[in-house]
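# Please work out how this folds:
(one chain, ligands or ions: 1)
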Amino acid sequence: MKPALKIPTPVTLGLKKSFGFGDRLGLATPGHLAAARQSDFAPIFAQQSIREMARTQRTPEAVLRAAQTALAAARYSKTWGADADHLKTLEDVEQTAAAGYTFFTLDPSEFVNNGADRLSALELEHEIAALARDGAAPELDWRPFYLNQRFEVGPRLTLEFNQEKLFRAAAKYGRAIAHGVKMARHIAKACQGRPFEIEVSVDETDSPTTALEHLFFGLELKRRDVKVVSLAPRFIGEFEKGIDYRGDLERFEKSLQPHVAIARYCGPYKLSVHSGSDKFAAYPVIGRVCGSLLHVKTAGTSYLEALRVVARTAPALFTEIAAYCRSRFDADRASYHLSTSSAEIAALRPFHGPADEGLYLDERVGRQLLHVTFGSVLTAGTDAKGRRFKDSLLELLERHADLHRDLLERHFTKHLSLLNQG
Ligand SMILES: [Zn+2]
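Alright, predicted model coming up:
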């Protein structure tokens, strides 16, 4: 009888530079592991947001178990993390803590006031008063803490608030910080003494996070004794799902430098890059500027590599899936940030066979079509015979496990090596 495989458990990774491999199907870890083994990034092999779990009808336990099963089979014994991503409520915290996650990403973005920059002076005064009334204002002594102070954030960076900038930062992020603090305290309770680490993410907001706003956010967390291992600001330019960075790389680099300095000053904590899939043009810059204070998250790009297996080995199935995705695009795109339009989807040539792989899996329109419709494909979608796409997909991936692993290994080796290329 073979000895039972030891079940690897996730641990905290601390300030080691790290990389998150989201896996929506639960079969991608062998490929992720193959790439991670060749890299100096600490891996997070289980990472899924509550939103995606709902969309794919998975539980926090199932997501974790899928990674554990693959790691046990590979007899992996090094450290790895498990990220309960984009947690919005106290119940999200309880559920994922009970499942054994070690890394908790708090998402208080619903509490970010995106209109703060446009408030009049009077509205701003009212909002600051409202924050205090609602218990979301910083401590009573917050104004003297910030005003008429010079924050020497880095050797070449000193930041100062004036009252207006301070009030706008508080109006924009005050409630989000208060919610984040509440969530963080709940995590400490839910983890019952075992080690955990916390990220705060505000990447899914309308306007980029300025240096002063980040400084305010970071200092407020510190003043309230919330220790974070990473923080995800909203960066300038477009971090769209499934495609490369869109924006001016020089401006991006200039805006990234103060964020790193602030992360070092307020923490140190890592900067977290969400929607990190496929941002090949920006990776050398990100890697160079962030150095080791870096965490990168990816998710949908692994699902697209799974679909590449389908395009190559079962083109008829891919044709059906692609046609179904077109019918779902308008409804499914709603919660995503992407540039592909319905007209572009309508103009996309139907999939006719492996020669069209690039059109669907390498170009923007095809990739975003497949990316935003994953939830529908993995839950409601069926083929002409009424069989669930998901069942066919999982069966195919089991049958072509080597191809699946090789595609993922190649894809993530590209990600990880470009991050080290700056
Ligand atoms: Zn995110």
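
# Any idea which residue of this structure lies closest to the ion?
Nearest residue of the chain to the ion (Cβ to the ion) works out as H274 at 3.1 Å. C-beta coordinates here come from the backbone N, C-alpha and C atoms, glycine included.

# ok, so what distance separates the nearest residue to F374 once chain neighbours are set aside from P43?
Distance criterion Cβ to Cβ, 6 or more residues apart in numbering; nearest residue to F374, sequence neighbours excluded, is Y303 at 5.3 Å. Taking Cβ to Cβ, to the nearest Å as the measure, Y303 falls 18 Å from P43.

# Look at the two and report which has more neighbours.
More crowded of Y303 and P43, by other Cβ atoms under 10 Å: P43, with 27 against 24.

# Shouldn't that one be within a strand?
Yes - P43: assigned to a strand according to DSSP: H, G, I helix; E, B strand; the rest coil.

# Next, count neighbours for the spatially closest residue to the residue of the chain closest to the ion that is not a sequence neighbour.
Distances taken as Cβ to Cβ, 6+ apart place D203 nearest to H274, at 4.2 Å, with adjacent residues excluded. By other Cβ under 10 Å, the residues close to D203 number 23.

# For D203, list the residues it contacts.
Applying Cβ atoms under 8 Å, 6 or more residues apart in numbering to D203 gives the contacts 109, 232-235, 239, 272, 274-275.

# try 6 Å
The contact partners of D203, taken as Cβ atoms under 6 Å, 6 or more residues apart in numbering, are 232, 234, 274.

# Can you go through these and name the buried ones?
232, 234, 274 (16 or more other Cβ atoms under 10 Å).

# what comes up buried for stretch 136-155?
In stretch 136-155, the ones that count as buried by 16+ other Cβ under 10 Å are 136-138, 142-143, 146, 151, 153.

# taking those residues one by one, which sit in helices?
In helices, defined here by DSSP state H, the members of these are 142-143, 146.

# So which of the residues you listed is the closest to S341?
Y146 (43.1 Å; Cβ to Cβ).

# those helices in the stretch 51-200 of the chain, which residues are they?
Counting by DSSP state H, counting those that start in this stretch, the stretch 51-200 of the chain has helices at residues 60-73, 90-99, 121-133, 142-146, 163-190.

# on that earlier part again, and the contacts of D203, which of them are in strands?
Counted as lying in strands by DSSP state E, out of those, are A232.

# Please list all residues in contact with the residue minimising distance to the centre of the chain.
Residue closest to the average C-alpha location in the chain (Cα atoms, centre = their mean): H274, at 3.6 Å. When contacts are counted by Cβ under 6 Å, 6+ apart, H274 touches 203, 232, 297.

# and with 8 Å instead?
With Cβ under 8 Å, 6+ apart, H274 has these contacts: 201, 203-204, 232, 239, 297.

# now swap in L231 and tell me
L231 touches 199-201, 214, 217-218, 263, 267, 269-272, counting by Cβ under 8 Å, 6+ apart.

# and it, bridged to which residues?
V200, L271 (DSSP bridges).

# State the pLDDT value of it.
Predicted confidence (pLDDT) for L231: 97.

# What count of nearby residues applies to E363?
The tally of other residues near E363 (other Cβ under 10 Å) stands at 12.

# Same check on D107?
D107, neighbours per other Cβ under 10 Å, totals 27.

# From V200, how far out is it?
8 Å.

# What residues sit buried inside stretch 295-306?
By 16+ other Cβ under 10 Å, the buried positions in stretch 295-306 come out as 295-306.

# Strands - which of those residues land there?
295-298.

# returning to that earlier point: make TSV out of the helices of the stretch 51-200 of the chain and add distance to the ion and mean pLDDT.
TSV is the format used below for the helices of the stretch 51-200 of the chain (distance: least, Cβ to the ion, whole Å; pLDDT from 0 to 100):
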stretch	distance to the ion	mean pLDDT
helix 60-73	16	97
helix 90-99	14	96
helix 121-133	25	91
helix 142-146	28	90
helix 163-190	14	95
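
# could those be laid out in JSON lines, adding distance to G14?
Converted to JSON lines, these look like this (distance: least, Cβ to Cβ, whole Å):
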{"stretch": "helix 60-73", "distance to G14": "20"}
{"stretch": "helix 90-99", "distance to G14": "19"}
{"stretch": "helix 121-133", "distance to G14": "33"}
{"stretch": "helix 142-146", "distance to G14": "28"}
{"stretch": "helix 163-190", "distance to G14": "16"}
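
# Could you find the closest non-adjacent residue to L348?
Of all residues not flanking L348 in the chain, V365 sits nearest, at 5.5 Å (Cβ to Cβ, 6+ apart).

# which strands and helices sit next to the host helix or strand of that neighbour?
If you go by DSSP states H and E, V365 is part of helix 364-372. If contacts are counted by 3 or more Cβ pairs under 8 Å, 6 or more residues apart in numbering; DSSP states H and E, helix 364-372 sits against helix 300-313, helix 315-332, helix 342-347, helix 357-361.

# any idea which helix or strand comes after it?
Next along the chain after helix 364-372, with elements defined by DSSP H and E, is helix 374-379.

# Of all the residues in that following helix, which ones are buried?
374-378.

# what's the burial count for E213?
For E213, using other Cβ under 10 Å, the count is 24.

# what's the helix or strand for it?
Per DSSP H and E: E213 is located in helix 211-223.

# List the contacts of that helix.
Residues contacting helix 211-223 (Cβ under 8 Å, 6+ apart): 138-139, 145-146, 151, 153, 157, 159, 161, 165-166, 169-170, 172-173, 176-177, 180-181, 200, 202, 209, 227-228, 231, 233, 255, 258-259, 262-263, 265-267, 269.
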